[in-house]
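# heads up, no residue letters with this:
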């Protein structure tokens, strides 16, 4: 994660200097930039995101069951986005976005200590939807506010088993009471709403760099192994802020 953040910061510093040689041409060709009608164009790109996921309530519930707890400093998500400026309302853009990621924690004993179980906890997050944002252009800087609304899911996978090699015959024994291995997936699908504020810089008519801060909201009911409804589930309060770096490729024409 530190390498990814470092690479993104270097990208934010290097790309503007790489395209600095195009600045003069960019400024003296006003015919490429629409006047009086707002930004025109659109594009798509990648959206690396750091989700400051709140796992404290989940970890408290995992501790009761003896399962490994997840880190509490957040989760890295990756995905893509795209949008286009609509002509009816100047500087209003509409698009879509989707991304996901996971975090996992494992605990097992040393080889030979077969009486103690191997256990793992994995939480995966995925979301996507429609984005609507209004952009205020200030030269080549943009301030965009709006957000995304759509759907998403949390998948919590709990695995337990003896720390030994496994055989085909040992899977799903005739007597369920003799089973020593188990794995359950708990899935919660939800409607998500994500208000956000973005600061962007048009480094070139074809490239826009941006940083977005916002809030990831959404929760729903839980299902076990895609077959059974779950009741009496703890409220894990996963809603949390996020920070996203956006790199968008396209064509962006706007007011000088």
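Received, thanks. Bear in mind that the values here come from a model prediction, so they are computed numbers and not experimental data.

# need the contact list for residue 230.
Applying CB atoms under 8 Å, 6 or more residues apart in numbering, we find residue 230 in contact with 186, 221-224. The C-beta positions use only the backbone N, C-alpha and C, and glycine is treated the same way.

# and the buried ones among the residues you listed, selectable in ChimeraX?
Applying 16 or more other CB atoms under 10 Å to the contacts of residue 230, the buried members can be selected in ChimeraX as follows:
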select :186,222,223
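
# need the contacts of residue 230 in a markdown table (columns: pLDDT and distance to residue 151).
What follows is the contacts of residue 230, written out as a markdown table (pLDDT from 0 to 100; distance: CB to CB, whole Å):
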| residue | pLDDT | distance to residue 151 |
| --- | --- | --- |
| 186 | 92 | 18 |
| 221 | 83 | 14 |
| 222 | 90 | 15 |
| 223 | 91 | 15 |
| 224 | 91 | 20 |
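
# return the subset of the contacts of residue 230 lying in strands.
Secondary structure defined by DSSP state E assigns 186, 222-224 of the contacts of residue 230 to strands.

# got CSV for these, with distance to residue 45 too?
Output for these, formatted as CSV (distance: CB to CB, whole Å):
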residue, distance to residue 45
186, 33
222, 34
223, 34
224, 37
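
# I'd like to know how many residues surround residue 60.
12 (other CB atoms under 10 Å).

# repeat that for residue 64.
For residue 64, the count of nearby residues is 8 (other CB under 10 Å).

# so what secondary structure elements neighbour the helix or strand it falls within?
In the assignment (DSSP states H and E), residue 64 maps to helix 56-65. Applying 3 or more CB pairs under 8 Å, 6 or more residues apart in numbering; DSSP states H and E, we find helix 56-65 packed against no helix or strand.

# immediately after that helix, which helix or strand?
Beyond helix 56-65 toward the C-terminal end (DSSP H and E), the next one is strand 75-85.

# can you list the strands that that next one pairs with?
strand 40-46 (antiparallel), strand 49-51 (antiparallel), strand 92-107 (antiparallel) (DSSP bridges).

# mind listing what's buried in the first one?
By that I understand strand 40-46. 40-45.

# then the longest one?
Neighbour counts using 16+ other CB under 10 Å place 92-93, 95, 97-101, 103, 105 of strand 92-107 among the buried residues.

# please tabulate those residues in CSV, including the columns distance to residue 118 and pLDDT.
CSV is the format used below for the buried residues of strand 92-107 (distance: CB to CB, whole Å; pLDDT from 0 to 100):
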residue, distance to residue 118, pLDDT
92, 53, 94
93, 49, 94
95, 44, 95
97, 37, 94
98, 33, 94
99, 30, 93
100, 26, 94
101, 24, 94
103, 18, 92
105, 12, 90
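
# and which of those is nearest residue 136?
For these, the minimum distance to residue 136 (CB to CB) is 11.1 Å, reached by residue 92.

# center of this protein - which residue?
Centroid check for the chain by CA atoms, centre = their mean gives residue 77 as the closest residue, at 3.5 Å.

# quick check: bridge partners of that residue?
residue 49.

# OK, contacts around it?
Contacts of residue 77 by CB under 8 Å, 6+ apart are 48-51, 99-101, 125, 242.
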